[in-house]
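> coordinates only, sequence not included:
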């Protein structure tokens, strides 16, 4: 006979956890099976648990998408943003354009992390919000 206190990984989906919670609350209130309707604070607690689970799930998926962005594309995106919004395109430009050129060289040589970091610092230093990746 299986022990009800042991929860296996496959049983930890939000739906399974919410159902087990609802089932335990219902039995604790003296109801038989799941035949009685849910009323009052029990429904509010269940709704809160489901909402929190959904929010955490969405937050995790958004973080993973940002981390998996192509670094070559990210370099090009940041350089293009700088050139569109504040970068000097002339030879006598200034310090910002030198930093942009160095970052572009880093990205072209495959040193994406260094190029991305330099471009993000350049944008922040000049008062721009770094565009999402």
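Good, I have the coordinates. Worth saying up front: this structure is predicted, and the values here are computed from it rather than measured.

> poorly predicted segments of the protein, please.
Residues of the chain meeting the criterion pLDDT under 70: 1-13, 27-40, 43, 56-69, 87-96.

> give me the domain ranges for it.
9-67, 71-125 (automatic domain parsing).

> residue 131: neighbouring residues, count only.
13 (other Cβ atoms under 10 Å). Where you see a C-beta, it was placed from the backbone N, CA and C, and this is true even at glycine.

> need the contact list for it.
Counting by Cβ atoms under 8 Å, 6 or more residues apart in numbering, residue 131 makes contact with 77-78, 81.

> out of these, which is nearest to residue 122?
residue 78 (8.4 Å; Cβ to Cβ).

> residue 121 is in contact with that closest one, correct?
No. Residue 78 is beyond contact range of residue 121, at 10.4 Å (criterion: Cβ atoms under 8 Å).

> show me which of those two is the more surrounded one.
Ranked by neighbour count (other Cβ under 10 Å), residue 78 and residue 121 place residue 78 first, with 25 against 13.

> without its sequence neighbours, what residue ends up closest to the more buried one?
Residue nearest to residue 78 in three dimensions, not counting chain neighbours: residue 119, with 3.8 Å by Cβ to Cβ, 6 or more residues apart in numbering.

> check residue 112 too.
That would be residue 71: by Cβ to Cβ, 6+ apart, it lies 3.4 Å from residue 112.

> for residue 126, same thing?
residue 86 (5.6 Å).

> from residue 19, how far off is that neighbour?
54 Å (Cβ to Cβ, to the nearest Å).

> on that earlier part again, isn't the residue nearest to residue 126 right up against residue 128?
Yes. At 6.5 Å, residue 86 counts as touching residue 128 under the criterion of Cβ under 8 Å.

> quick one: neighbours of residue 48, just the number.
For residue 48, using other Cβ under 10 Å, the count is 10.

> SS state for it?
With DSSP: H, G, I helix; E, B strand; the rest coil as the basis, residue 48 sits in helix.

> what segments of this protein are helices?
14-28, 41-67, 71-85, 95-108, 112-125 (DSSP state H).

> tell me what the fourth one is packed against?
Taking 3 or more Cβ pairs under 8 Å, 6 or more residues apart in numbering; DSSP states H and E as the contact definition, the neighbouring helices and strands of helix 95-108 are helix 71-85, helix 112-125.
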